[in-house]
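Asks: Mind looking at a prediction? Sequence and model below.
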Amino acid sequence: MTSSSTPSSISPWHIAPVGDRSLIVEFGQAVEPVVNATVRSFARELLDEPIAGIVDVVPAFTTVAVHYRPEFFAEGASPYDVLRRRLDALLARGIRHHDEDARTVEIPVCYGGEFGPDLQEVAAACGLQTEEVIARHVASQHLVYMLGFAPGFPYIGGLDPSLAVPRRSTPRTRIPAGSVAIARDQTSIYSLETPGGWNVIGRTPLKLFDAVAESPCLLRPGDRIRFVPASADIFGNAEVAR
Amino acid sequence: MSRIEVIKPGALSLLQDRGRHGYQHLGVVVGGAMDEWSHRCANALLGNEEDEATLEITLMGPSLLFHEAQEIALCGANLSARIGEAELPMNRAVLVRAGARLDFGKRIDGMRSYLAVRGGFAVPGVMDSRSTYVRGAFGGLQGRALKKGDVLEVGGVPPVSAASAARLGDADFIEIHQPEVHAPAIALRTEGPAPVRVIAGQQWALFTDEAQQAFMQAEFRISPQSDRMGFRLEGPVLERRHAMEMISEGVAFGTVQVPPDGQPIVLMADRQTTGGYPKIACVASVDLPLVAQLAPQEALRFEPILLEAAQALYLERERALGRLRSLVRAAGEAQ
């Protein structure tokens, strides 16, 4: 379902080393959908048409990290120079923009209560009723910029600016998987039970990450997210009783 | 299929390989051996594939019972491994008899030992890797460290033949190859700060002159709050010239990042895929094994190295491993 247009030229990029086995390609210095679309398209290209010796490709907000084995690029100049030139040449040709953005994923969320212990504090900090926080969270134009922090953990931008709250000053030691949390201009959903500092406003029963599934992550960069308010029934009786 | 029984699990014994590569774009942690060099040498000594899992043994080793005769190799930290009453030679391929028991004792140097078995440990791959990721509870042996009563199965190759086992005679173990076939081990220092070469990071210039100077001159101690994810260092506070809001981006094995408290963290095998703290430097790959072998409270001192020089050393070390592989192959053909 990936349709591609002809390669289009892109704004200037910048390549820098990260130690002797990685480098970073930077496409901009602001978190915005256009820059991130370029990031995703370039990462897609490297993942779909792998270059021997590149072991990982990590798209983030504005950058793509490329992890490599230097011995695959040991002809002549330093391995970093060899790989950098290859990537420069690839980028100079232009990047095909992939049409992944079309996907919209619905995430049912039970807001507040035991599943969203920080909802009231967030509402107080924003000077809003909790219902209004939920309504504005649901209405925000959510876009998955990247996965990171933990397997399948999405960084979702597009949060209504009136809901911008800092991270908690003291992180929680244990945040259950499925917790929907906000901080600054972003939302995330905890994919594993981990410690964390984001403000938990709800929880989804969906599994964000399953190591043995054929497709381990529910979400991918470029997905649009629609949060759908739901009652605690979505967790079934076992979950409620816990 | 030969079996190895866990009599005692040790402090933290984990199956690890070269890491779960190819999934970092999904946020999946690479993991793998902390000391990649010792892990790879142990596999190479037995003629194993590069990506076979070895047992990463931390500080206090396990007790293992070999149900069948088995070819093994141990590299990395010297944790006084012995079979029966006899010291097990390190950095060598060794044939142990059926019923032999491997024990560990006092730590002589280093922090992590790597035990390879010929054919590799037969555990299912998860996302193309046998590495144990404890936090995610997957990979390796059921996503966890060894525990008492576990039985590790060895796969990939036929069991040691009766004829080969007969070479043991009455011995608990014998060395398989001539003395020249040994792993080129890295010297693990036991006193004084370990010299660790670093390549300047992208945000090197963000740090004050004093911080840059302190970073390259001062001693840093490994904090007890260090684990497979990262080593927290204790030393002079590294100040920034000005506050800077970083946008999260990819990080590497050995990236040295500095959170607002000014105390650097070296990102290790179980590091997150991305990070949002300024990167002051990155440890040269050839010196990462040295860092991985440091225990809490031990010290290190950073020294600058240029990227080109670090990559030249890296390639040199790859060639050394290649030589070991050819030696092992030649020795195998001669037998």
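Replies: Right, received. Where do you want to start? Here the structure is a predicted model, which means the values were calculated and not measured. Residues are numbered from 1 along each chain as shown, chains lettered A, B, ... in the order given.
Asks: only C-alpha atoms for contact and neighbour calcs from this point on.
Replies: OK.
Asks: host element of the residue nearest the centre of chain A?
Replies: Centroid-nearest residue in chain A, with Cα atoms, centre = their mean: residue A:146, separated by 2.4 Å. Residue A:146 belongs to strand A:142-147 when assigned by DSSP states H and E.
Asks: Residue A:55 too?
Replies: Assigned by DSSP H and E, residue A:55 belongs to strand A:54-59.
Asks: Now for residue A:83: which residues touch it?
Replies: By Cα atoms under 8 Å, 6 or more residues apart in numbering or on different chains, the contact list for residue A:83 reads residue A:73.
Asks: Quick check on the nearest residue to residue A:109 once chain neighbours are set aside: phi, psi?
Replies: Using Cα to Cα, 6 or more residues apart in numbering or on different chains and skipping the chain neighbours, the partner closest in space to residue A:109 is residue A:204 (4.6 Å). With angles defined as degrees, to the nearest 10, residue A:204 sits at phi -110, psi 150.
Asks: give me the number of residues near residue A:204?
Replies: When counting by other Cα atoms under 10 Å in any protein chain shown, one arrives at 25 neighbours for residue A:204.
Asks: can you pull the contacts of it?
Replies: Counting by Cα under 8 Å, 6+ apart, residue A:204 touches A:107-110, A:178-180.
Asks: Inside strands: which ones of those residues?
Replies: Using DSSP state E, the members of the contacts of residue A:204 that fall in strands are A:107-110, A:179-180.
Asks: Look up how far residue B:269 lies from residue B:36.
Replies: For residue B:36, the distance to residue B:269 (Cα to Cα, to the nearest Å) stands at 9 Å.
Asks: Is chain B within reach of the strand holding residue A:55?
Replies: Yes. Strand A:54-59 reaches chain B (Cα under 8 Å from any Cα of the partner chain) through A:55-59.
Asks: That strand versus strand A:142-147: what angle between them?
Replies: Put simply, strand A:54-59 runs at 150 degrees to strand A:142-147, going by axes from the mean of the first three to the mean of the last three Cα atoms, to 10 degrees.
Asks: quick one: strands adjacent to strand A:54-59?
Replies: Sheet pairing of strand A:54-59 (DSSP bridges) gives strand A:63-68 (antiparallel).
Asks: and the next helix or strand after the strand it pairs with with strand A:63-68, angle?
Replies: For strand A:63-68, the succeeding helix or strand toward the C-terminus, using DSSP H and E, is helix A:79-92. With the same axes, to 10 degrees defining the directions, helix A:79-92 sits at 130 degrees from strand A:63-68.
Asks: Convert helix A:79-92 to CSV, retaining C-alpha atoms only.
Replies: The C-alpha coordinates for helix A:79-92 follow below in CSV (Å, rounded to 0.1, in the frame of the first residue of the first chain):
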residue,chain,number,x,y,z
PRO,A,79,34.7,4.0,6.7
TYR,A,80,32.8,7.1,7.9
ASP,A,81,33.8,9.1,4.8
VAL,A,82,32.9,6.2,2.5
LEU,A,83,29.4,5.8,4.0
ARG,A,84,28.8,9.6,4.3
ARG,A,85,29.6,10.0,0.6
ARG,A,86,27.2,7.2,-0.3
LEU,A,87,24.4,8.7,1.7
ASP,A,88,25.1,12.2,0.3
ALA,A,89,24.8,10.8,-3.2
LEU,A,90,21.6,9.0,-2.3
LEU,A,91,20.1,12.2,-0.8
ALA,A,92,21.3,14.4,-3.7
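Asks: Now do the buried residues in that helix.
Replies: For helix A:79-92, burial by neighbour count (16 or more other Cα atoms under 10 Å in any protein chain shown) applies to A:79-80, A:82-84, A:87, A:91.
Asks: now, which of those sits nearest residue B:64?
Replies: Proximity of those to residue B:64 (Cα to Cα) peaks at residue A:79, which lies at 42.1 Å.
Asks: where does the closest one sit relative to chain B, distance-wise?
Replies: To chain B, residue A:79 is 7 Å away according to Cα to the nearest Cα, to the nearest Å.
Asks: Can you tell me how far the closest residue in space to that residue that isn't next to it in sequence is from chain B?
Replies: Excluding its sequence neighbours, the residue lying closest to residue A:79 (Cα to Cα, 6+ apart) is residue A:73, at 4.6 Å. Distance, residue A:73 to chain B, by Cα to the nearest Cα: 10 Å.
Asks: doesn't residue A:53 make contact with residue A:73?
Replies: Yes. The pair formed by residue A:73 and residue A:53 meets the contact definition of Cα atoms under 8 Å, at 7.5 Å.
Asks: Which residues belonging to the helix ranked longest in chain B are considered buried?
Replies: With secondary structure taken from DSSP state H, chain B has its longest helix at helix B:307-334. Neighbour counts using 16+ other Cα under 10 Å place B:307-308, B:310-315, B:321, B:323-325, B:327-328 of helix B:307-334 among the buried residues.
Asks: Would it count as contacting chain A?
Replies: Yes. Applying Cα under 8 Å from any Cα, one finds helix B:307-334 touching chain A at B:307-308, B:310-312, B:314-315, B:318.
Asks: tell me, which helix in chain A spans the most residues?
Replies: In chain A, taking DSSP H as the definition, the longest helix is helix A:33-48.
Asks: how about that helix, does it reach chain B?
Replies: No. Applying Cα under 8 Å from any Cα, one finds helix A:33-48 separated from chain B by no less than 8.5 Å.
Asks: Now that helix - C-alpha only, PDB.
Replies: Output of helix A:33-48 as PDB, limited to C-alpha atoms (Å, rounded to 0.1, in the frame of the first residue of the first chain):
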ATOM      1  CA  PRO A  33       5.300  17.400  10.200                       C
ATOM      2  CA  VAL A  34       7.200  18.300   6.900                       C
ATOM      3  CA  VAL A  35      10.700  17.700   8.300                       C
ATOM      4  CA  ASN A  36       9.500  14.500  10.000                       C
ATOM      5  CA  ALA A  37       7.900  13.300   6.700                       C
ATOM      6  CA  THR A  38      11.400  13.600   5.100                       C
ATOM      7  CA  VAL A  39      12.900  11.800   8.000                       C
ATOM      8  CA  ARG A  40      10.400   8.900   7.600                       C
ATOM      9  CA  SER A  41      10.800   8.700   3.900                       C
ATOM     10  CA  PHE A  42      14.600   8.500   4.000                       C
ATOM     11  CA  ALA A  43      14.500   5.900   6.800                       C
ATOM     12  CA  ARG A  44      11.900   3.900   4.800                       C
ATOM     13  CA  GLU A  45      14.300   4.000   1.800                       C
ATOM     14  CA  LEU A  46      17.200   2.700   3.800                       C
ATOM     15  CA  LEU A  47      15.100   0.000   5.400                       C
ATOM     16  CA  ASP A  48      13.400  -1.100   2.100                       C
END
